[in-house]
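Enquirer: from the sequence below, what's the structure:
(chains A and B)
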Amino acid sequence: LQDQAEQFLRSGHTNNWAVLVCTSRFWFNYRHVANTLSVYRSVKRLGIPDSHIVLMLADDMACNPRNPKPATVFSHKNMELNVYGDDVEVDYRSYEVTVENFLRVLTGRIPPSTPRSKRLLSDDRSNILIYMTGHGGNGFLKFQDSEEITNVELADAFEQMWQKRRYNELLFIIDTCQGASMYERFYSPNIMALASSQVGEDSLSHQPDLGIGVHLMDRYTFYVLEFLEEIHPASQTNMNDLFQVCPKSLCVSTPGHRTDLFQRDPQNVLITDFFGSVRKVEITTETLPLDRDVAAFESKFPEEELATEPLKYAEQLPVAQIIHQKPKQKDWHPPGGFILGLWALIIMVFFKTYGIKHMKHVF
Amino acid sequence: QVRLVVPMAVVFGPGSVPRDLPRPLPFRDVQEMEISVNVRTSVTSRYEMHYRSTTPREEAALAAVTAREADAALHPLQDTTMGSLTMYVVPETSSLLPQGINVYVGKHRSALVRAVGSLAALQARLREVTQVMSFTASSIAAALSDRVPSGQLSPDARRYLKSSLGYEITFSLLNPDPKSHTVDWDIEGAVNRYVKPVLDKLSLVANFSVDSQILYYAVLGVTPRYDKESSSFLLSAHSLPHVINPVEARLGSSAASLYPVLNFLLYVPERSHSPLYIQDKDGAPVSTNAFHSPRWGGIMVYNVEAPASPQASLPLHVNVDMARVMEVFLAQLRLLFGLSREEVPPEFLLENPGNEGLADWELDHLLWAHTVENIATVSTTLTSLAQLLDKIGNIVIKDDVASEVYRAVASVQSAVTKLSLGHLHAAFQASKEAVTSSERAFFDPSLLHLLYFPDDQKFAIYIPLFLPMAVPILLSLAKIVRETRLRKKEPTKMD
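Expert: You can find the predicted model right below:
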């Protein structure tokens, strides 16, 4: 009976994925890249392989020409922890980090030519961790200084994921100003959300480093990283401890969380359910007795050798055809109603006001 | 509504006919059962039974000495379409079935059942047999797992591989200590001799591709404990979950195809950690020395005997016994697909499928589950696509997306019809086509709707643009209206 009770408290997932997004570029947003890389590092250390992590960094800080310590990204000015590490695998970099690509990764509506490392190939038994950081406001998160994603779009994307059963449980962590507004609109089941600050509050950064010249990390993620460094793959720490990380005295903002959509009690949710990758195993007790004296097998469905022509490198694209192509004739459409109405109004007012005799100058 | 129809033939051998038959042989009967998955969804199973007595040739076949010979002789005389079953009832006192065994299930789609006195009791036994050989309520519920209310299904019920169009199988040899062991494994030969027959049989279910690799200096994530009593190293059951992760990063499964990957790892322990045994929960060593993880694959530990003399020159040459290894890997492959023989009642005797890897009725078992799962997936996908398009009116549907949707609907209807006629193979093919089309339609890149335009943003953008422009226009309009009114009044005023 205890076994059964244990079963219902366990998560029931068989694999873990992580989608880590840093949305801001420019050197002074060093701390956002450091935030994302520290979560990436913890998640890799606890067992999630690179093939199951989609890392999106909007700018390159380690090899930025303004970085006095190239090939490193530090989380604290004591320079103890280089979160860039030796084997970072960035899947979406620089200008590829856009709202559209992010939503494509989440919903799976990806063009067929996308490589496997850029896809989220989760199934109905995957636990997904989504971490986002950058500049945000009430109900939106800024991407690349030119576009934004709203909380409604994010909630709809999660609903599309749920409809296709692309996740078993989802943990959403966001470290931006007014981060709690981003999870207000979620309505799909099995989502737990954490944010670094409430609506109306700003998330503050941790200390600056005078040598590097920028703030190295944000407070909330800094304390989360400290917390995660204590976790090892077999630890039994649960989510309630993560909710306590970074109280107002340390963080100045009030971290928030949302668990009403989540089915299990956060007390029973292990940190490693999302940050690590602990697999369920079963002992193999059966064997399949094989007849060893068997000759090579003749397949019922012999593979047919498809006769292919040898491909020549120079003939991949019909270059002559392309450069001599005439531009496509775009169909001319008459102007739409609104524009027509506006112009009619303007012209009518002009001639009424100034008199009809000016018409002859026009025609 | 989905109806699963199983055509069955119940053949009574001489001396086995129960006394209380309602009509003389041959006659037909139908039994229907409803498997209810949730409040709105249920699947009806319908067994169409044809009771008849044996033909002379079948009688001759049943006169064989052992059940296996009888089954082999009966095979050419049976109806071998997929999804159908044939049960031969032998007299209670028959010696064809061993003592204590009431049912013998053969390699194909037939079973030998020991007669019972009354028809009702025989039907109960036949029901048990059909549950084993085709599908059970729980296997259908597991296939429709996302519709079952989450409290009712234990988390372990969804552990079998999901129905997919293809699977990629990777065999990896892990040699953490190449200085001590030079390991030779004839994987190509083993795949050709042992794995290909099984995959050939499963090729009806999906496309399989096989690759293999050798990884050096790949260690397990856990340090095994040394046990003085057995002078061997032990890996306890609760440390096994942590073994897989450090290795996974090196397996290179991300380079493989988009199909689900099944990894089978053969680990040759280091000289300093040999011999290495896996312990189960009770502390006993596992005979296969292997474990598997649902939806991922399996790992087997292959121990190398210590050299006879301690001065033997390193590295030792190790020739892996591929047959022993493949016995375990293929068993794990069956378990990953959900073909377990453990829940069979004790009075059943199941024939060993031999090198083919699985019996025909096990293949049917898979096909039933996958067909039902495919049909459920297609209906969920198309419903949610329709809801999405209802909600967001601006999305443009391209012609090819529309045609994929039509094709998916047609295929799924055809699959449901074929299931209700009992044509399992055709139904499965139709359901596969339906899944392909519906996935292509749902995941089409053009269906991404990005622009969320709330009302307050509309005001915020358009008002500062048009209000300053509109002020002189509106004022001029007011002036025009006033002038027109004045001019209308004036003729009456002037004389």
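
Enquirer: quick one: contacts for residue B:11?
Expert: B:52, B:53, B:54, B:58, B:86, B:87, B:88, B:89 (C-beta atoms under 8 Å, 6 or more residues apart in numbering or on different chains). The C-beta positions use only the backbone N, C-alpha and C, and glycine is treated the same way.

Enquirer: which residues touch the helix or strand hosting the fifth one?
Expert: Using DSSP states H and E, the element containing residue B:86 is strand B:85-90. The set of residues that contact strand B:85-90 without belonging to it, under C-beta under 8 Å, 6+ apart, is B:6-13, B:16-17, B:54, B:58, B:62, B:70, B:74, B:78-79, B:96-97, B:109-115, B:122, B:126, B:129-130, B:133-134, B:361.

Enquirer: re earlier: of the contacts of residue B:11, closest to residue B:469?
Expert: Taking C-beta to C-beta as the measure, residue B:86 is the one of the contacts of residue B:11 closest to residue B:469, at 84.3 Å.

Enquirer: tell me the confidence at the closest one?
Expert: At residue B:86, the predicted lDDT confidence score is 87.

Enquirer: repeat that for the one 10 residues further on.
Expert: For residue B:96, the pLDDT comes out at 80.

Enquirer: gap between the two ends of stretch A:72-82?
Expert: One end of stretch A:72-82 to the other measures 6 Å (C-alpha to C-alpha, to the nearest Å).

Enquirer: for the strand holding residue B:86, which strands pair with it and how are they oriented?
Expert: When sheet partners are counted by DSSP bridges, strand B:85-90 sits next to strand B:2-12 (parallel), strand B:110-114 (parallel).

Enquirer: give me the mean pLDDT for the helix of greatest length in chain B.
Expert: Longest helix of chain B, by residue count under DSSP state H: helix B:455-493. Average pLDDT, helix B:455-493: 85.

Enquirer: just checking, what packs against it?
Expert: Contacts defined by 3 or more C-beta pairs under 8 Å, 6 or more residues apart in numbering or on different chains; DSSP states H and E place helix B:455-493 against helix A:337-354.

Enquirer: show me how far the helix it packs on is from its chain's centre.
Expert: The chain centre lies 49 Å from the centre of helix A:337-354; the measure is C-alpha atoms, centre = their mean, to the nearest Å.

Enquirer: now do the buried residues in that helix.
Expert: Judged by neighbour count (16 or more other C-beta atoms under 10 Å in any protein chain shown), helix A:337-354 contains these buried residues: residue A:349.

Enquirer: and the residue of chain A nearest chain B?
Expert: The nearest approach of chain A to chain B comes at residue A:12, 2.8 Å away (C-beta to the nearest C-beta).

Enquirer: I figured that residue hits residue A:126, correct?
Expert: No - if you go by C-beta atoms under 8 Å, residue A:12 and residue A:126 don't touch, sitting 10.9 Å apart.

Enquirer: now for these two: what residues contact both?
Expert: residue A:168.

Enquirer: pick the most deeply packed of the strands paired with strand B:85-90.
Expert: The highest mean neighbour count among these, using mean count of other C-beta atoms under 10 Å in any protein chain shown, belongs to strand B:110-114: a mean of 25.

Enquirer: show residues contacting that strand.
Expert: Contacts to strand B:110-114, defined as C-beta under 8 Å, 6+ apart, come from residues B:67, B:70-71, B:74-75, B:78, B:85-92, B:94, B:96-97, B:101-106, B:122, B:125-126, B:129, B:133.

Enquirer: C-alpha coordinates for the following helix or strand past it, PDB please?
Expert: Sequence-wise, the next helix or strand downstream of strand B:110-114 (DSSP H and E) is helix B:119-133. In PDB, the C-alpha atoms belonging to helix B:119-133 read as follows (Å, rounded to 0.1, in the frame of the first residue of the first chain):
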ATOM      1  CA  LEU B 119     -20.800 -23.600 -22.000                       C
ATOM      2  CA  ALA B 120     -20.800 -20.700 -19.500                       C
ATOM      3  CA  ALA B 121     -17.600 -21.900 -17.800                       C
ATOM      4  CA  LEU B 122     -16.000 -22.500 -21.200                       C
ATOM      5  CA  GLN B 123     -17.000 -19.000 -22.300                       C
ATOM      6  CA  ALA B 124     -15.400 -17.600 -19.100                       C
ATOM      7  CA  ARG B 125     -12.200 -19.400 -19.900                       C
ATOM      8  CA  LEU B 126     -12.300 -18.300 -23.600                       C
ATOM      9  CA  ARG B 127     -12.800 -14.700 -22.400                       C
ATOM     10  CA  GLU B 128      -9.600 -15.000 -20.300                       C
ATOM     11  CA  VAL B 129      -7.800 -16.300 -23.400                       C
ATOM     12  CA  THR B 130      -9.000 -13.400 -25.600                       C
ATOM     13  CA  GLN B 131      -7.900 -10.900 -22.900                       C
ATOM     14  CA  VAL B 132      -4.400 -12.300 -23.100                       C
ATOM     15  CA  MET B 133      -4.300 -12.600 -26.900                       C
END
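
Enquirer: give me the helices and strands touching helix B:119-133, please.
Expert: Other helices and strands packing on helix B:119-133, by 3+ C-beta pairs under 8 Å, 6+ apart, are strand B:2-12, strand B:85-90, strand B:103-105, strand B:110-114, helix B:360-391.

Enquirer: in TSV, list those along with distance to residue A:351.
Expert: As requested, the helices and strands packed on helix B:119-133 are exported to TSV (distance: least, C-beta to C-beta, whole Å):
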stretch	distance to residue A:351
strand B:2-12	71
strand B:85-90	89
strand B:103-105	95
strand B:110-114	95
helix B:360-391	46
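
Enquirer: what about the helices in chain B?
Expert: Along chain B, counting by DSSP H, helices occupy B:56-62, B:67-74, B:119-133, B:137-143, B:187-190, B:196-202, B:244-251, B:322-337, B:360-391, B:399-421, B:424-442, B:455-493.

Enquirer: so who does residue A:149 touch?
Expert: When contacts are counted by C-beta under 8 Å, 6+ apart, residue A:149 touches A:99, A:102, A:103, A:140, A:141, A:143.

Enquirer: now swap in residue A:31 and tell me
Expert: So residue A:31 contacts A:205, A:206, A:214, A:215, A:216, A:217, A:218 (C-beta under 8 Å, 6+ apart).

Enquirer: now it: phi and psi?
Expert: Main-chain dihedrals, residue A:31, degrees, to the nearest 10: phi -70, psi -30.

Enquirer: coming back round to it: now tabulate the strands paired with strand B:85-90 in CSV and tack on mean pLDDT and distance to residue B:316.
Expert: Formatted as CSV, those follow (pLDDT from 0 to 100; distance: least, C-beta to C-beta, whole Å):
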stretch, mean pLDDT, distance to residue B:316
strand B:2-12, 87, 55
strand B:110-114, 85, 49
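
Enquirer: looking at the helices of chain B, which is closest to residue A:200?
Expert: Of those, nearest to residue A:200 by C-beta to C-beta is helix B:455-493, at 17.8 Å.

Enquirer: by how many degrees do the closest one and helix A:337-354 diverge?
Expert: Helix B:455-493 runs at 40 degrees relative to helix A:337-354, counting by axes from the mean of the first three to the mean of the last three C-alpha atoms, to 10 degrees.

Enquirer: in helix B:455-493, what's buried?
Expert: B:473, B:476, B:477.
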